[in-house]
Structure formats: structure tokens, C-alpha cells
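[1] Provided below are the primary sequence and the corresponding predicted coordinates.
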Amino acid sequence: MTGFIDLYTEAGTFLHRTDPRVKIVAVATLSLLALIMSNLVNLLVLAAVMVVLILFGRASFKKTMLAFSYVFRVMALIVVLWPLFNPGGTPVLFDLWPIKITEPGILAGIATAVRIFCLAAAWYLLMFTTSQRDLVRGLVKMGLRFDFGLSLAMSLRFLPTFSAIVESIKEAQRARGLELDKGNFRKRAKDYVAVLVPTVITALKMADTLSLALQSRAYGARADRTYVRELKMRAGDYVALFIAVAVFAIPATVKYIFSVPL
Amino acid sequence: MIPRVPMSADQDKIISVHELKFVYDGSVRALAGINLDVRRGDYLAIVGGNGSGKTTLAKNMNGLLRPTSGSVAVNGVSTSEQTVAELAKVIGYAFQNPDHQLFCSSVAEEVRFGPLNLGYPEAEVAKKTELSIEAMGLSSVKDLPPFSLTLGERRRVSIASVMAMDPQVFILDEPTTGLDARETDDLMDSIDRLNIDGHTVVLITHDMKLVAKHAKRVVVMSEGRIVLDSDPGGVFADLELLLRSKLVPPPVAQLAHRLSSLGVPREVLSPEELVFHLMSGRGARK
């Protein structure tokens, strides 16, 4: 019914217990690693590691499939389009003007698709194993201003509510004879005004009420905030942080200092 | 597939619900076998606690939701054979929150939106708009933006915008929530007038005072089932059932219950009736 789901699944795995700051760093290093590698075999190994990590994080199968269904579509597009638009090198497998397909072109397309998979998997791994609250907590501890963190947390919190409201607005307009998703582009764009305007107005009203509710609970009364739950790095977190950095630092050294292509 | 019901036999049935079951998202059971005939000219109140299935039932009546099993027929034709827009010509549905549908820059434009969607010619749209605005008492504000109006007025705009589509049935979901006593009375007067003019009214509410004062027939829902279908007096006579359905009868009906030992009948609906029974009861004793 609603278009948005929270990807987080509650579980007590090592990945769930790891400090969110470490996980944010790990996402960054894993993403960078995927970006500096271009060899298909290396990328496939990284992808396999990601799959193992995701399985280890015990995300729900349904959510995983939903999350990756978009990634798979992008990957399929890249695999098809890359060789068509980037027909470099030899051997040439197919040449019929204006279409030319080469083996390196196909391999590069597949490698790019796998790289996209690795990038997406790194981010999804964070989303699967970190609750929105922990994520925001981590970002604030890493230096994000608290009010920005709060705004982020609230927008995440209100996404499902909001998507339910949009659904209800659509129903209300359909009951008035509006046929969404019918007709040409111009008609559709015009029809969506009937959904968009009530949505924006409802959102503004909601935001207004919310800010009053925050103020009435003394938000911002003291400049020096205290926190109910303080994040604390444990021994295991330091180990994980070390691994996360090493996973990027070692291949980066190999590639850029010793000039070994990866 | 529902066969067309022969017109002669069931001419007065405008909505016919048969063994309707509805499940949200494959797991949340909202309706567990509903059988209900809404007759032409009915003034029907669907009452029940929050989550009892009132709105789900109503949305099945105008095609926004389709039965998981069972069937809903409007004028003898199954809703599964009609689009929501087609059904909107017969069934007008005013949502609980008027702000979920208002988007135009003037009340008049807002009211025109429905009949324009249904493809009526310009002259007819203008006429229907004019009549609905007048019937809902909005003539003085018809050029103002709907969002500048009070909640009571916005409700009226949403009902007028349904009325302009000229439906045979009005489904009104909690039309009086958030209105003060005066606004409620004014709005209910307009709704009563719709019924007097021959329209079928389906009122979704848990305001029992409203039901006692206006409805002619009451359907009590609890946990996705209809537990009682009767006139308002009959419903208020069954205190037990109402409480079980998370409802409380209006104070006057409760008082009648307490006074039943004095010979006051349990199905009293108004203070006037209560006074009448008390007076005649005392007279009989003397």
C-alpha cells in the first residue's frame, strides 16, 4: 500500500552491535574500494564479500529483494548499454554499422554493473543493520549539528506517515472522478496538481504543528545538550574500524604506490 | 462474476453487499463477511469503534477498495466491473479530512472539479456547481480560496464538491469531527435536506447523539462484522451490545435505561420523548 519501508531489521548480530560511526566509515572505505578497482575478478570477489556480509546481517529477504530490485534494473541497463556506447579494443565480436560490440566493451559493462552492485550493497548494509536512530546518533557524534540530525531523524520518521497521507489524498481525488495515470503526459502532469497541492499544504501544516510540539517540550532550552544514550567505542569497534580502514588502505597502497592495476 | 439483478425484484436496493471479506496487505483482516443492502432513500448510519471496519466497508462501496472475496453491487452491477470514476457518478464519497482533497484557488473551482472529471457539458457543470454551492450555504465565500475557510466551511466545500457530481448516494465519513455544536447542527441540517430530497445517505460516525437525532437506520460494526442492523431506537435499547462494540449510547438513552423501572421504554431517542414517557408514566400510576 505505501511506497516506503524502513530497511532496518532488528537482530543482534555483530554488524548490528558495531558502533554506527564505524559502519559509516566502513561504507565510505568499501565504496572507495569499489571505485578504485576495475578488474572484473577483483570486483566479483568484493561483491561476494558484500553478499556474505548482507547474509550475516540477517536482513529480511523481502526487504533485501525490494531494495536490490532497483539496483538490478540499473545493472541490467548498464550491461546492455555499456558495450553499445563504449566499443573499445579487440576482439570485435559484432560489427554492423552503426552497432559495434567488442569483448572488452562487454567485460567493462559487466565490471561497472558489479561495481554499482558493490556500492549499493555497502550502503544497504548500513541501512539493513543500523536503526535510523543510531544512524543519526552516529552522524551527530561525527560532527553533524544536532538540529540537522534531528531534522534528518524526523524526516525519516515521517516518511511512512507521509506516504499514507499521499495515498489517502489520491483516494479522495479518485472518488471525485479523477483518473490518475491515464491520458497523455500533459494531462497526467495536470492531474497530479490535484494530489500535489493538498500534499504540500498538509505537509506544511504538519511541520508547523510539529515545531510547536517540539517547542512545548522545551527543545533548545539549553545550549549544552545531554544525551540519554552516549555512543561509546568498545574494543570490538576499534578492531572493526581498523579492518574497515585497512580494507581500503592496503589495496590503495598497492595500486597507487606500487602501481599494480586492480 | 455477479449476474445483473433483475430490476423489478430489487429496484430499491442501491448498494448490495454480499459475504464481503476484505484483507489489507495480505494479512490485516478488516472485514469478515459483511451482508448489507442499502435501499434507495435510506438514511443509514454505520457506527462502531475505531478499527471496526466502517471506512473499509465504505471504500468497498465506491470501488476504492475491491473485495478480497464476496461482492459489492451498485445498482445491480458489481463494483469490480466499474472504475472508481464510473462509480463516482452514483456514489459520492466525502472523506474525513477535507484538506486531503482541496487544491483549487477558489471554492467554485473546487466544486467544479468533480463534474468536469465526469465529463458533463460546461452549462451543466455551471448549473450543478451553482446549486451545490447554494445548498451547502457557501454562496458568500464561493470566490475565496478553500484553505482560508474554517474547518466547518471546508467540510461543506468537500460535501458540495461531491454533491456537484450529482450522485444518488452520499457516503460521509465522520463529517462532524472537529466541528462545534453550531457547525454540526448546520451541517447536519444540510445533510438531512439531501435525504429529504430523495438521496441515500450513509453516515460513518461514532457520535451517538448524531445517530439518535438524524439516522433512520443504524448498522453497528465490531471487529469487521455487522453485529446489529436496526432502527436507532432498537440499537440504543441494546446497551450491552453497544458497550461491547466500544460505543456509548447518548445520555438520554442511558437515562431511559435507568428509568426503565418507571415504565420508560428503552428505545428513547430524544429528551422530548423521555419527557413524554415520564409524564404519561406518572399519569398512569396515579
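    Arrived safely.
[2] spell out which residues of chain B are next to chain A.
    Contact residues (CB under 8 Å from any CB of the partner chain) of chain B with chain A: B:24-25, B:59, B:62, B:64, B:83-85, B:88-89, B:92-93, B:95, B:97, B:99-103, B:113-114, B:117-118, B:147, B:161-162, B:165. C-betas here are computed from N, CA, C, even on glycine.
[3] so which of these sit within helices?
    With DSSP state H as the criterion, helices contain B:59, B:84-85, B:88, B:113-114, B:117, B:161-162 from among the residues of chain B next to chain A.
[4] which residue is nearest the centroid of chain B?
    residue B:203 (1.6 Å; CA atoms, centre = their mean).
[5] regarding that residue, what is its secondary structure?
    Assigned by DSSP: H, G, I helix; E, B strand; the rest coil, the conformation of residue B:203 is strand.
[6] how near is it to residue B:84?
    Using CB to CB, to the nearest Å, we find residue B:203 at a distance of 21 Å from residue B:84.
[7] just residue A:158 next, same as before
    Note on residue A:158: its distance to residue B:84, by CB to CB, is 28 Å.
[8] mind listing what's buried along stretch B:25-41?
    Neighbour-count burial for stretch B:25-41, counted by 16 or more other CB atoms under 10 Å in any protein chain shown, picks out B:30-31, B:34, B:36, B:38, B:41.
[9] about what we covered before: residues contacting the closest residue to the residue nearest to the centre of chain B other than its chain neighbours?
    Nearest non-adjacent residue to residue B:203, counting by CB to CB, 6 or more residues apart in numbering or on different chains: residue B:45, 4.6 Å away. Contacts for residue B:45 (CB atoms under 8 Å, 6 or more residues apart in numbering or on different chains) come out as B:202-205, B:210-211, B:214-215, B:217-219, B:232.
[10] likewise for residue B:212?
    Counting by CB under 8 Å, 6+ apart, residue B:212 touches B:232, B:236, B:249-250, B:252-253, B:269-270.
[11] just those now: which is nearest chain A?
    Checking the contacts of residue B:212 against chain A by CB to the nearest CB gives residue B:232 as the nearest, at 27.3 Å.
[12] can you pick out the most distant pair from the contacts of residue B:212?
    Greatest spatial distance in the contacts of residue B:212: B:249 and B:270, 12.6 Å, computed using CB to CB.
[13] would you map the strands across the stretch 1-150 of chain B?
    Ranges of strands within the stretch 1-150 of chain B are B:13-24, B:28-39, B:43-48, B:69-74, B:77-78, B:91-94, based on DSSP state E, counting those that start in this stretch.
[14] name whatever forms a beta bridge with the residue nearest to the centre of chain B.
    Beta bridges link residue B:203 to residue B:45, residue B:172 when assigned by DSSP bridges.
[15] I figured it hits residue B:172, correct?
    Yes: if you go by CB atoms under 8 Å, residue B:203 and residue B:172 touch, sitting 5.4 Å apart.
[16] interface residues of the stretch 101-250 of chain A facing chain B?
    Taking CB under 8 Å from any CB, the part of the stretch 101-250 of chain A that reaches chain B is made up of A:165, A:168-169, A:171-179, A:193-194, A:196-198, A:201-202, A:205.
[17] hmm, back to that, could I get the strands of the stretch 1-150 of chain B as TSV with distance to residue B:131 and mean pLDDT?
    Listed next are the strands of the stretch 1-150 of chain B as TSV, based on distance: least, CB to CB, whole Å; pLDDT from 0 to 100:
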stretch	distance to residue B:131	mean pLDDT
strand B:13-24	22	94
strand B:28-39	24	93
strand B:43-48	21	94
strand B:69-74	24	94
strand B:77-78	27	92
strand B:91-94	14	94
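[18] average model confidence for stretch B:193-207?
    Computed over stretch B:193-207, the mean pLDDT rounds to 93.
[19] how long is that stretch from one end to the other?
    20 Å (CA to CA, to the nearest Å).
[20] now the strands of the stretch 1-150 of chain B in a markdown table, with distance to residue A:248?
    Shown next, in a markdown table, are the strands of the stretch 1-150 of chain B (distance: least, CB to CB, whole Å):
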| stretch | distance to residue A:248 |
| --- | --- |
| strand B:13-24 | 46 |
| strand B:28-39 | 45 |
| strand B:43-48 | 60 |
| strand B:69-74 | 56 |
| strand B:77-78 | 62 |
| strand B:91-94 | 57 |
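[21] residue A:14 is nearest to which of these?
    Closest of the strands of the stretch 1-150 of chain B to residue A:14 is strand B:28-39, at 34.3 Å (criterion: CB to CB).
[22] what is the closest one packed up against?
    Here strand B:28-39 touches strand B:13-24, helix B:54-61, strand B:200-205, strand B:225-230, going by 3 or more CB pairs under 8 Å, 6 or more residues apart in numbering or on different chains; DSSP states H and E.
[23] distance to residue A:245 for these - can I get that in TSV?
    Output for the helices and strands packed on strand B:28-39, formatted as TSV (distance: least, CB to CB, whole Å):
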stretch	distance to residue A:245
strand B:13-24	47
helix B:54-61	54
strand B:200-205	60
strand B:225-230	61
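[24] which neighbouring elements make contact with the host helix or strand of residue A:189?
    Using DSSP states H and E, residue A:189 maps to helix A:185-216. Judged by 3+ CB pairs under 8 Å, 6+ apart, helix A:185-216 is in contact with helix A:146-174.
[25] re earlier: name the residue in residue B:249 and residue B:270 with the higher neighbour count.
    Neighbour tally, residue B:249 and residue B:270, criterion other CB atoms under 10 Å in any protein chain shown: the higher count belongs to residue B:249, 25 against 13.
[26] for residue B:82, see how far away residue B:223 is.
    29 Å.
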